[in-house]
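A.B. asks: Below: sequence and its predicted model.
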Amino acid sequence: MRRDQDCNGIDHMIARRDFLVGTTAGAIGTTAGAIGMGTLTSPLNAATLEKQQKRVLQIYLQGGVSQLESWDPKPGTQFGGPFQAIPTSVPGMHISELLPHTAQRMHLLSIVRSINTKISDHRQGMLYMEKGRRAGEFPYLGSVASKYLASAESNLPGYIHITKRGLTDSTAAFLGASHAELALEGTDPPENLAVPDSIDQSADEAREQLRIQFNRRFTQQRSRALTDVYNSSYDQAAKLMKRKEMFERNVAEKDLDRYGRHDFGRHCLLARTLLENDATCVKVTHHGYDTHAENFNFHLEQLGEFDQPFSMLLDDLHQRGMLESTLVIVYSEMGRTPKINTKYGRDHWGTAWSIALGGCGIQPEAIIGKTNQDGTKVTEREVDAGHLFHTYLSAVGLDSTADHDVFGRSIPIGDPAAEPIKELLS
Amino acid sequence: MNEQAAIDPVETHQVAEFKHENPLTTLRVDPTSRFVAAGAQDLDVQLWSLEDGKHQTLKGHKSWVRSIDFSADGNQLYTACWGGGVKIWDLKQDIPQVVRSIQAHQGSTRWVRVSPDGKRLATCGNDLLVKIWKIENGKLEQQFEGHQRHVYGVDFHPDGEHVVSQDLMGVIFVWNLKTKQKERTIDAAMMTGYDKKFAADMGGARDMQFNVGGSLWASAGITKVVNSFAGIQDPIIVVFDWKTGEVTRQLRADEKFKGIAWGIRFHPQGFTIGAGADKSGKGELWFYSSDKEEAFHTFKMKTAARALDLVGDDRLAVAHADGNVRLYQMAAQTTEAKGESE
């Protein structure tokens, strides 16, 4: 009897290396050709992608940052709240006074102010923003990036999530465990990264060979799915063990001065290190935006903590020449209600809210869409998470209208009902 | 003032209401009980005459007014807003005019208080500073640095030589205006909490007041943070001994009340009054005797209280989240009034 397994091992049928070779060489072999053609129909850029090593940096403001206290301020209006709008480095573009450092770097970013996901629920909103689909088992953006952007020679897992909680998301869907997010609890290395002192290198290698041998025998009469999961875990662990110095190195004082000594500052520094070391998708979660009470004091504190380290990270990516190959997304699972409740709070709101993004493939200095005077509805260029998902993938050079190939079954990468926000692409 | 009935907090009841269209943020009654002024979730100051109910709207701030004070004679009004501005208004004119505008702080000016001699203003703000201003010319006289987190409240001691400030983390500094130095640090850590789930601090003084002689001061705020992002924590009013800096009492509400204490006043007859907002949107007034930590009377209000002040000795003015200032009489209703209300 076969077990109902949550992973079908499809990633092992469509190894990225095979896909890239197949597409670039135009090979149409029995298996590889079909997989290659079905996976990404555009010959796009396989060589280019590999050469440029496109990356994704997701900054997830968990809980739902208020668009009115960030990217779409409306001071002096009925629901505008107490904070002012400040000019940015882009003439005519204003954002909240709570983001003074980011404001000086808006020439590197763009804003989408017209998101209507129609979802006011944390979990469903997050899934929609990550998958670009309202429902169904689809991979997160980070897993898609891992699948199609990660170099086969990468020394790091393709999708790494730095967070303090929420460590158990299943992100890869049919892409398989090797593209699932590796969640790091803050800047701490994963547990048991080091080889025990009692085992030397040769013993460790012998142990690994034995494990592989057992696995091979075990899978002969069974689905590979279960062992694929285990193998992926071992592969990820092995990669990390080789790069454990990233977690051990002392952070320079001058970097801590710039980024801050709090968790989020250190998380952004780790994200920089990971991206510099060939990580493909790094997600950093900053908690504390679900402000049903004390919205203004909490946004003052939380965005005050976000603003500088994010700006420093943006600067460093820019100065290292990495920004043009790194898509940067600052997003939430939803926005917050224009109406202010009796607790000085703003509640969940999926109807008219904003994100910021920039870097690889994104036209900088743009403002996409508009909300009405009170921020209660989108009045121009309404988009949803489906459009955003297409846009992200297009920005990193992937054809979001192509299909995943799952056991020969084609599954559209992006929601066929949506399309990229073309005017946002460079 | 109702001179026919003795002050009795247990008999507290509503006697008047002044309506505004937006939720109120703060209020203050002038010491001569002629005016009540309120800030709201808009850019204006609402001013009502307590004598005839005449209403005026004072325009000029660029953000919500967060704190208000009056001169002792009631002829000047001081207002501070989230935009950092402080305005001094002349109330002797039929239409109050701005005498002076000060950009007091970078970011919000959270609090403004006038000195006992009426010559200075103390302000605090989100730039972590406490500042002393000369009212006469609007010039900065002293500036105190030391708070590491946002400063929520500041007040003059009645001796006029000291200022007390309290920040988000419950750190209280006593500043000596003569030596221009920090004189004492007092710990009010019970008035702050770290929300582990959301990884953020909550706390701060939401109101402060000294008693008449200056032997005590009290600070209103929160304690026992459970989920402050949903408004789930306890209100608290902490009473400090001025001489020792020790906490003498921690005044609580009923344990079912979850929210914030937004107001505290020492009554001349020795009892203490608190006002708060529950997460449900309702409000309460709490009355404490001078030696107890539990309220001897709680008066329930239909909407959240966001500020409290005394009108003379027998009435309370409360700023409500529904946009109304309501006056409450701390005395039994007269037979005549009862008849009218029935």
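C.D. replies: Nice, thanks for sending it over.

A.B. asks: residues near residue 96, how many?
C.D. replies: Assuming you mean chain A. Neighbourhood size, A:Ser96 [other CB atoms under 10 Å in any protein chain shown]: 26. Using the backbone N, CA and C atoms, a C-beta is placed for each residue, glycine as well.

A.B. asks: I was after chain B.
C.D. replies: 19.

A.B. asks: Likewise for B:Val325?
C.D. replies: 24.

A.B. asks: Work out for me the element it sits within.
C.D. replies: Per DSSP states H and E, B:Val325 falls inside strand B:324-329.

A.B. asks: Which parts of the stretch 251-400 of chain A are strands?
C.D. replies: For the stretch 251-400 of chain A, applying DSSP state E, counting those that start in this stretch gives strands covering A:281-286, A:326-331, A:335-336, A:348-349, A:353-359, A:367-368, A:370-371, A:378-380.

A.B. asks: ok so, going back, list the contacts of the strand holding B:Val325.
C.D. replies: B:2, B:5, B:11-20, B:24, B:27, B:36, B:38, B:46, B:48, B:50, B:285, B:299, B:301, B:303, B:311, B:314-320 (CB atoms under 8 Å, 6 or more residues apart in numbering or on different chains).

A.B. asks: So the residue in the stretch 101-250 of chain A positioned nearest to chain B versus A:Leu300, what's the distance?
C.D. replies: Residue nearest to chain B within the stretch 101-250 of chain A: A:Lys164 (6.4 Å; CB to the nearest CB). The gap separating A:Lys164 from A:Leu300 is 20 Å, by CB to CB, to the nearest Å.

A.B. asks: Looking at the two, which has the bigger crowd around it?
C.D. replies: For A:Lys164 versus A:Leu300, the count of surrounding residues by other CB under 10 Å is larger for A:Leu300: 22 against 17.

A.B. asks: End to end on stretch A:187-196, go ahead and measure it.
C.D. replies: One end of stretch A:187-196 to the other measures 21 Å (CA to CA, to the nearest Å).

A.B. asks: swap that for stretch A:358-377, sorry
C.D. replies: 24 Å.

A.B. asks: so does it get close to chain B?
C.D. replies: No: Stretch A:358-377 lies out of reach of chain B by CB under 8 Å from any CB of the partner chain, never closer than 12.8 Å.

A.B. asks: ok, back up a step: list the contacts of the residue of the stretch 101-250 of chain A closest to chain B.
C.D. replies: A:Lys164 neighbours (CB under 8 Å, 6+ apart): A:Glu185, A:Gly186, A:Asp263, A:Thr285, A:His287, B:Ala199.

A.B. asks: Spit out the contact partners of whichever residue of the stretch 151-300 of chain A sits closest to chain B.
C.D. replies: When scored by CB to the nearest CB, the stretch 151-300 of chain A has A:Ala293 as its residue closest to chain B, at 3.5 Å. A:Ala293 makes contact with A:Asn341, A:Lys343, A:Tyr344, A:Gly345, B:Ser228, B:Phe229, B:Ala230, B:Gly231, B:Lys279, according to CB under 8 Å, 6+ apart.

A.B. asks: circling back to that earlier point, just name the most buried of the strands of the stretch 251-400 of chain A.
C.D. replies: Of all the strands of the stretch 251-400 of chain A, strand A:335-336 has the most neighbours on average by mean count of other CB atoms under 10 Å in any protein chain shown, namely a mean of 31.

A.B. asks: Which neighbouring elements make contact with it?
C.D. replies: strand A:348-349, strand A:353-359 (3 or more CB pairs under 8 Å, 6 or more residues apart in numbering or on different chains; DSSP states H and E).

A.B. asks: Close to chain A: what parts of chain B are there?
C.D. replies: Counting by CB under 8 Å from any CB, chain B sits next to chain A at B:22-23, B:41, B:43, B:62-64, B:66, B:81-83, B:107-108, B:126, B:150, B:168, B:195, B:197-202, B:204, B:228-231, B:259, B:277, B:279, B:281, B:303-304, B:321.

A.B. asks: Drop anything exposed from the residues you listed.
C.D. replies: B:22-23, B:41, B:43, B:63-64, B:66, B:81-83, B:107-108, B:126, B:150, B:168, B:195, B:197-202, B:204, B:228-231, B:259, B:277, B:279, B:281, B:303-304, B:321 (16 or more other CB atoms under 10 Å in any protein chain shown).

A.B. asks: which non-adjacent residue is nearest the residue positioned nearest the centre of chain A?
C.D. replies: Centroid-nearest residue in chain A, with CA atoms, centre = their mean: A:Gln58, separated by 3.9 Å. When the adjacent residues along the chain are set aside, A:Gln58 lies closest to A:Lys283, with 4.0 Å between them (CB to CB, 6 or more residues apart in numbering or on different chains).

A.B. asks: which ones are touching the one you found?
C.D. replies: With the criterion set at CB under 8 Å, 6+ apart, A:Lys283 makes contact with A:Leu57, A:Gln58, A:Ile59, A:Tyr60, A:Gly142, A:Tyr159, A:Ile160, A:His161, A:Ile162, A:Thr163, A:Glu181.

A.B. asks: distance of the first one from chain B?
C.D. replies: The reference is to A:Leu57. As defined by CB to the nearest CB, to the nearest Å, A:Leu57 lies at a distance of 20 Å from chain B.

A.B. asks: and what of the fourth one?
C.D. replies: The spacing between A:Tyr60 and chain B, counted by CB to the nearest CB, is 13 Å.

A.B. asks: can you tell me which residues contact that residue?
C.D. replies: So A:Tyr60 contacts A:Lys283, A:Val284, A:Thr285, A:His286, A:Tyr331, A:Ser332 (CB under 8 Å, 6+ apart).

A.B. asks: Show me what the third one bridges to in the sheet.
C.D. replies: Beta-bridge pairing of A:Thr285 under DSSP bridges involves A:Tyr60.

A.B. asks: cool, the fifth one as well?
C.D. replies: Going by DSSP bridges, A:Tyr331 is paired in beta bridges with A:Tyr60.

A.B. asks: what about the helices in the chain?
C.D. replies: Picking chain A for this. Using DSSP state H, the helices found in chain A span residues A:10-13, A:16-25, A:32-39, A:46-52, A:100-103, A:122-131, A:141-149, A:201-219, A:225-242, A:245-248, A:253-259, A:263-276, A:295-319, A:385-395.

A.B. asks: was after chain B, sorry
C.D. replies: B:335-341.

A.B. asks: how does it divide up, domain by domain?
C.D. replies: The record's domain split for chain B, according to automatic domain parsing, is B:8-23+B:189-342, B:32-187.

A.B. asks: Just send those back as TSV, with mean pLDDT too.
C.D. replies: Shown next, in TSV, are those (pLDDT from 0 to 100):
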stretch	mean pLDDT
domain B:8-23+B:189-342	94
domain B:32-187	97
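
A.B. asks: And those: which comes nearest A:Pro75?
C.D. replies: In terms of CB to CB, the element of the domains of chain B nearest to A:Pro75 is domain B:32-187, at 7.1 Å.

A.B. asks: For burial, what's the neighbour tally of residue 109?
C.D. replies: Unless you meant another one, I'm taking chain A. 25.

A.B. asks: that's the wrong chain, I meant chain B
C.D. replies: With other CB under 10 Å as criterion, B:Thr109 counts 29.

A.B. asks: One more: B:Leu121?
C.D. replies: B:Leu121: 25 neighbours (other CB under 10 Å).

A.B. asks: I'm done for today, thanks for sticking with me.
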